[in-house]
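>>> Provided below are the primary sequence and the corresponding predicted coordinates.
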Protein chains: 2
Amino acid sequence: MTGDLSRFSINQMTVKQLSLPELADACVRLGVPGVGLWREPVQSYGVDAAAKLVREAGLTVTTLCRGGFLTAIDPDERAAALADNRRAVEEAATLGTDTLVLVSGGLPAGSKDLHGARERIADALAELGPHAEQHGVRLAIEPLHPMYAADRCVVSTLTQALDLAERFPAHQVGVTVDTYHIWWDDQAPAQIARAGAGGRIHTFQLADWTTPLPEGVLNGRGQIGDGAIDMREWKGYVEAAGYTGPIEVELFNDGLWARDGREVLAETAARFVAYTA
Amino acid sequence: MTGDLSRFSINQMTVKQLSLPELADACVRLGVPGVGLWREPVQSYGVDAAAKLVREAGLTVTTLCRGGFLTAIDPDERAAALADNRRAVEEAATLGTDTLVLVSGGLPAGSKDLHGARERIADALAELGPHAEQHGVRLAIEPLHPMYAADRCVVSTLTQALDLAERFPAHQVGVTVDTYHIWWDDQAPAQIARAGAGGRIHTFQLADWTTPLPEGVLNGRGQIGDGAIDMREWKGYVEAAGYTGPIEVELFNDGLWARDGREVLAETAARFVAYTA
């Protein structure tokens, strides 16, 4: 691999066809220094075993994806969500990452109250923030594209994410800046500056915007360079805001998943260099 | 039909399976006073003939959909788009409506410059606004949901739409407020107030947000009441902003199109009453 990969991190979901050992091995061979992990495959492999695997491979775990889904009204569902998020924090600590990405959750069935759902997220963060701090983990609220507002995440903009995060200390709660979700928003550059000034850019992720969107709009995140997003522009915004940390590429894409995972990883690393250097 | 339909308008696309005469007849039978028309079916029927048909049926044409697609860089494409929009203005005048809805257009092939595309829309409005005024027609910029930013409309929020519209007199350029496109945006209520204060709410349209979204995300606009949007809340915002005009229901929905058009019209009118009265 030619080109500077020192800030590159591959989000595990991008190459979910690879097992954890395959992923670690492929990263080492290519010189990829960081991985963003997901709870489900890590749990399947065993959290302690996964931590040992990536540590011995010399990989930095840049984030754990994901906690969140904090919008339930039902008290039992709510208690279960909080307990699960506490476990997610602990898993993050075990894996040695300081960042847990939060996908906040959509509207409960039958509800049309976005504001109320956003307030329930704030209430949950008040409980989870101190727990995260105790474990050396920061919560990173990820605004998801507004097309997910109903069913996945009522936090749709960086503005909203920061309005939530700023109720808490920056070392407890910050934001995830992901190009796929915010590229359309002309207010986002100023919000990145706001986030940077407050020390709240806890992770920076890349995916490109390609159309047409697939049914369900989940697995259409485009390979870097294939879509409408100027990656250098967004990298410039986070750097101007003082962010010099890892840059994760996180793609959910049926086309990429159907291919050889090592080949996709190599391609993604090459695209990272070509479109961000 | 029981309930007050005095402000109800059916957008032609909602029941596109009906011919223009069928639509006019169904409206008269149900007591639907208004229709929003589309250029393509009107052109197929003949603009003058369509104008005569709706006039004789006693229907108010609340809007003509749609002009726009003003983001081309190529000079010939740009000139063609401007000429087509001038014709759209003239068709609106012939049909007796004072409102031409604008879908501004997406990124030209290969471009990643949203800001530049938005500025080209402003340049085009400077040419089209006076032409519209001469014909007694107002241009109504429709912010489309951010999921259309790349391929259909780089104007994604009411804020952006008003930032564009306010460069011109309100009787030339205003906005379309459509629940489907803005329901997720916590800044939209304040922007509706801004639009109302400036006399720029040129039309108000309803559609509900249902998931999962279909492939291509065009034809998933939900029947009123089937989704996540509180219609009374949004009607309240536009009324508080001083808007007392027609309310169009505009649905693109393969499921509705597969049914009998008169039945869909009756259902839509009933839903309008049930969810907005």
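Nice, I can see it.
>>> now residue A:126: which helix or strand?
Using DSSP states H and E, residue A:126 sits in helix A:114-134.
>>> report the buried residues of the next helix-or-strand element following that helix.
Once the chain leaves helix A:114-134, the next helix or strand it forms, by DSSP H and E, is strand A:138-141. Of the residues in strand A:138-141, A:138-141 count as buried by neighbour count, 16 or more other Cβ atoms under 10 Å in any protein chain shown. (Glycine included, C-beta is placed from N, CA and C.)
>>> just stretch A:53-64 next, same as before
For stretch A:53-64, by 16+ other Cβ under 10 Å, it's A:53-54, A:59, A:61-64.
>>> repeat that for stretch A:264-275.
So for stretch A:264-275, counting by 16+ other Cβ under 10 Å, buried means A:264-273, A:275.
>>> residues from the stretch 151-277 of chain A in reach of chain B?
A:151, A:156-157, A:159-160, A:183-187, A:209, A:211-217, A:227-230, A:233 (Cβ under 8 Å from any Cβ of the partner chain).
>>> keep only those of the buried residues of stretch A:264-275 that are in helices.
A:264-273, A:275 (DSSP state H).
>>> OK, contacts around residue A:202?
A:99, A:138-140, A:174-176 (Cβ atoms under 8 Å, 6 or more residues apart in numbering or on different chains).
>>> please apply the same query to residue A:97.
Here residue A:97 is in contact with A:37, A:60-64, A:137 (Cβ under 8 Å, 6+ apart).
>>> recalculate using a threshold of 7 Å.
With contact taken as Cβ atoms under 7 Å, 6 or more residues apart in numbering or on different chains, residue A:97 is in contact with A:61-64.
>>> just checking, which of the residues you listed belong to strands?
Judged by DSSP state E, strands contain the following of the contacts of residue A:97: A:61-64.
>>> wait, a strand at residue A:175?
Yes. Read with DSSP: H, G, I helix; E, B strand; the rest coil, residue A:175 is one of the residues of a strand.
>>> please name the bridge partners of it.
residue A:141, residue A:201 (DSSP bridges).
>>> against residue A:162, how distant is it?
Residue A:175 is 6 Å from residue A:162, where distance means Cβ to Cβ, to the nearest Å.
>>> mutual contacts of those two, please.
Contact criterion Cβ under 7 Å, 6+ apart; residues shared by residue A:175 and residue A:162: A:195, A:200.
>>> between these two, which one's more packed in?
residue A:175 (32 against 22; other Cβ atoms under 10 Å in any protein chain shown).
>>> how close does that one get to residue B:185?
From residue A:175 to residue B:185 the distance is 18 Å (Cβ to Cβ).
>>> go on, residue A:237?
From residue A:237 to residue B:185 the distance is 21 Å (Cβ to Cβ).
>>> returning to that earlier point: contact partners of the helix holding residue A:126?
A:70-71, A:82, A:85-86, A:89, A:100, A:104, A:107, A:111, A:138-139, A:149, A:154-155, A:160, A:164, A:167-168, A:171-173.
>>> same question for stretch A:233-245.
By Cβ under 7 Å, 6+ apart, stretch A:233-245 touches A:177, A:179, A:189, A:192-193, A:195-196, A:201, A:204, A:276.
>>> what about the nearest residue to residue A:157 once chain neighbours are set aside, neighbour count?
Leaving aside its sequence neighbours, residue A:157 sits nearest to residue A:143 (Cβ to Cβ, 6 or more residues apart in numbering or on different chains; 5.3 Å). By other Cβ under 10 Å, 28 other residues sit near residue A:143.
>>> now do residue A:49
Residue A:49: 12 neighbours (other Cβ under 10 Å).
>>> again, but for residue A:197
Residue A:197 has 11 nearby residues by other Cβ under 10 Å.
>>> quick one: the closest residue to it other than its chain neighbours from residue A:272, how far?
The shortest distance from residue A:197 to any non-neighbouring residue, by Cβ to Cβ, 6+ apart, is to residue A:241 (7.0 Å). Distance, residue A:241 to residue A:272, using Cβ to Cβ: 20 Å.
>>> look up phi and psi at residue A:56.
Backbone dihedrals for residue A:56, given as degrees, to the nearest 10, come out at phi -70, psi -30.
>>> mind listing what's buried in the helix or strand where residue A:77 lies?
Assigned by DSSP H and E, residue A:77 belongs to helix A:75-95. Buried residues in helix A:75-95, counted by 16+ other Cβ under 10 Å: A:78, A:81-82, A:85-86, A:88-95.
>>> ok, residue A:43 - contacts?
Going by Cβ under 7 Å, 6+ apart, the list of residues near residue A:43 is empty.
>>> phi, psi of the residue nearest in space to the middle of chain A?
Relative to the mean C-alpha position of chain A, the nearest C-alpha, by Cα atoms, centre = their mean, is the one of residue A:101, at 4.9 Å. Taking degrees, to the nearest 10, you get phi -80, psi 140 for the backbone angles of residue A:101.
>>> do you know how far it is from residue A:38?
Counting by Cβ to Cβ - residue A:101 and residue A:38 are separated by 10 Å.
>>> what residues are shared contacts of the two?
With Cβ under 7 Å, 6+ apart as the test, residue A:101 and residue A:38 both reach residue A:65.
>>> need the buried residues of helix A:75-95 in JSON lines (columns: pLDDT and distance to residue B:115).
Listed next are the buried residues of helix A:75-95 as JSON lines, based on pLDDT from 0 to 100; distance: Cβ to Cβ, whole Å:
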{"residue": "A:78", "pLDDT": "97", "distance to residue B:115": "42"}
{"residue": "A:81", "pLDDT": "98", "distance to residue B:115": "39"}
{"residue": "A:82", "pLDDT": "98", "distance to residue B:115": "42"}
{"residue": "A:85", "pLDDT": "98", "distance to residue B:115": "38"}
{"residue": "A:86", "pLDDT": "98", "distance to residue B:115": "43"}
{"residue": "A:88", "pLDDT": "98", "distance to residue B:115": "38"}
{"residue": "A:89", "pLDDT": "98", "distance to residue B:115": "39"}
{"residue": "A:90", "pLDDT": "98", "distance to residue B:115": "44"}
{"residue": "A:91", "pLDDT": "98", "distance to residue B:115": "41"}
{"residue": "A:92", "pLDDT": "98", "distance to residue B:115": "37"}
{"residue": "A:93", "pLDDT": "98", "distance to residue B:115": "42"}
{"residue": "A:94", "pLDDT": "98", "distance to residue B:115": "44"}
{"residue": "A:95", "pLDDT": "98", "distance to residue B:115": "40"}
